Structure formats: C-alpha cells, structure tokens
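K.L.:
Sequence and predicted model, in that order:
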Amino acid sequence: QVQLVESGGGLVQPGGSLRLSCAASGNVFSIRSMGWYRQTPWRQRELVATITSRGNTNYADSVKGRFTVSRDNGKNTVYLQMNLLKADDTGVYYCNADRVTTISDPTHEYAYWGLGTQVTVSS
C-alpha cells in the first residue's frame, strides 16, 4: 500500500507565498507522474500542476508564471511553490501520484490521492 502525506497549507495574504510538499511512502517501486489538484465548494476538482519522473511539467493556465512544481524522485516527494497568491487560489489542495507501481506488484499501475491540505488566501 502507498500513502501520500501533504503538508504546507495555511492562511496567507494576497500576494504572499506558500510551499506545499507531498511525500509518498510505503511499498513504492516507481511513480510516473505526481502533481497537485485543488477543489472548492463552488468548483470541481481541477488540475493545478503535474510533473513526470523525467521532469516534464504541466500547469493550469491560471497558475502559469506564479506556481512552480518540482520533484525529488529519490524521496518520492513533490513540491508546489506558490507565489503571488490570489483569493481565487483558495481551496483544498490534493496531492496525486499516478501510474504508481509497487515492489510487491511491479506489473500493475495504480493512482493514489492524499487527504488534502487547506490553502486560504485572504486579507
């Protein structure tokens, strides 16, 4: 089994910065893609940013130029540096690990989600 543990959320003023972290632990053999999604009561869960094991990144248009996703493959950890935060960035941020293989079952791929971390941008 694989667990994703997020950290780094909180309350920040508009224009401020936060850094989220997500570490995958457990029976991990490889993770093809890791990333972040966010959800609010008035908006479905949406992609924020993803990064592959080779370092290829993908961003939502709304965060381009402000957010940076990075990854430490050796630690199975993904980060999201969020700068110039806006009120519209408020939401629960979920970590995702996609196309995960495990040591005990390296021939099948699974997807996992973290429990989410709250980000609130408000003055």
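P.N.:
Looks like it came in fine.

K.L.:
quick one, strands of the chain?
P.N.:
With DSSP state E, the ranges of strands along the chain come out as 2-7, 10-12, 18-26, 28-40, 43-52, 57-59, 67-72, 77-82, 91-102, 110-113, 117-121.

K.L.:
Kindly reformat these as JSON lines containing mean neighbour count.
P.N.:
Bear in mind the C-beta positions are built from the backbone N, C-alpha and C, glycine included. Shown next, in JSON lines, are the strands of the chain (neighbours: other C-beta atoms under 10 Å):
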{"stretch": "strand 2-7", "mean neighbour count": "17"}
{"stretch": "strand 10-12", "mean neighbour count": "14"}
{"stretch": "strand 18-26", "mean neighbour count": "18"}
{"stretch": "strand 28-40", "mean neighbour count": "19"}
{"stretch": "strand 43-52", "mean neighbour count": "16"}
{"stretch": "strand 57-59", "mean neighbour count": "15"}
{"stretch": "strand 67-72", "mean neighbour count": "18"}
{"stretch": "strand 77-82", "mean neighbour count": "22"}
{"stretch": "strand 91-102", "mean neighbour count": "20"}
{"stretch": "strand 110-113", "mean neighbour count": "14"}
{"stretch": "strand 117-121", "mean neighbour count": "17"}
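
K.L.:
Would you convert these into TSV that also reports mean pLDDT?
P.N.:
Output for those, formatted as TSV (pLDDT from 0 to 100):
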stretch	mean pLDDT
strand 2-7	95
strand 10-12	98
strand 18-26	97
strand 28-40	95
strand 43-52	96
strand 57-59	98
strand 67-72	98
strand 77-82	98
strand 91-102	95
strand 110-113	96
strand 117-121	97
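
K.L.:
List the residues that contact the closest residue to residue 107 other than its chain neighbours.
P.N.:
Spatially, and ignoring its direct neighbours in sequence, residue 107 is nearest to residue 101 (7.5 Å; C-beta to C-beta, 6 or more residues apart in numbering). For residue 101, the contact set (C-beta atoms under 8 Å, 6 or more residues apart in numbering) comprises 28-30, 107-110.
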